[in-house]
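K.L.:
coords please:
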Amino acid sequence: MLFSGGKPACIVFTNSIDDKGISGKAARRATLVAAKEWIGKYGVESMNFFLGNSWDHVQAMKEFGLKAKDAPIAVIHHVHRNPQAKYIMNRKITYSEFTSRRLLRFFSKVQKGKVKRMKGRMSHRYEEL
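P.N.:
Okay, the predicted model is just below:
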């Protein structure tokens, strides 16, 4: 279960092919590499991961104020905090820039409290503190 056990959920949305015809395969691979490295360092209890196609999960993206064309993008959702906390990557990046290193940096900044929390359904991204 994505939101079970009190763990935050990392949700990464990618496309099969972006608007320039570039495959999202590398972004999906980067997500899997980052998840494996994160779990290896912090344990399986630290976070749940979900990798989804942005065109198939439009409603989920709307919950974060995103559209399918915003992919590739990662969000972290703490559903068991009161109030719930949502974090979103801070800028639009291309598929070639969407790397496991960039994802791990985002995860670390959220963990250390260096990313502003998203409030409500807002369509803009949040800057790093």
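K.L.:
Tell me the bridge partners for the most centrally placed residue in the chain.
P.N.:
Residue closest to the average C-alpha location in the chain (C-alpha atoms, centre = their mean): residue 74, at 1.8 Å. In this entry, residue 74 is beta-bridged to residue 12, by DSSP bridges.
K.L.:
contacting residues around stretch 74-93?
P.N.:
3, 6-13, 31, 47, 64-66, 70, 72-73, 102-103, 106-107, 110, 115-118, 125-128 (C-beta atoms under 8 Å, 6 or more residues apart in numbering). Every C-beta, even on glycine, is put in place using the N, C-alpha and C of the backbone.
K.L.:
now that stretch: how far from the chain's centre is it?
P.N.:
Offset of stretch 74-93 from its chain centre (C-alpha atoms, centre = their mean, to the nearest Å): 8 Å.
K.L.:
got it, and stretch 34-49?
P.N.:
Counting by C-alpha atoms, centre = their mean, stretch 34-49 comes out at 14 Å from the chain centroid.
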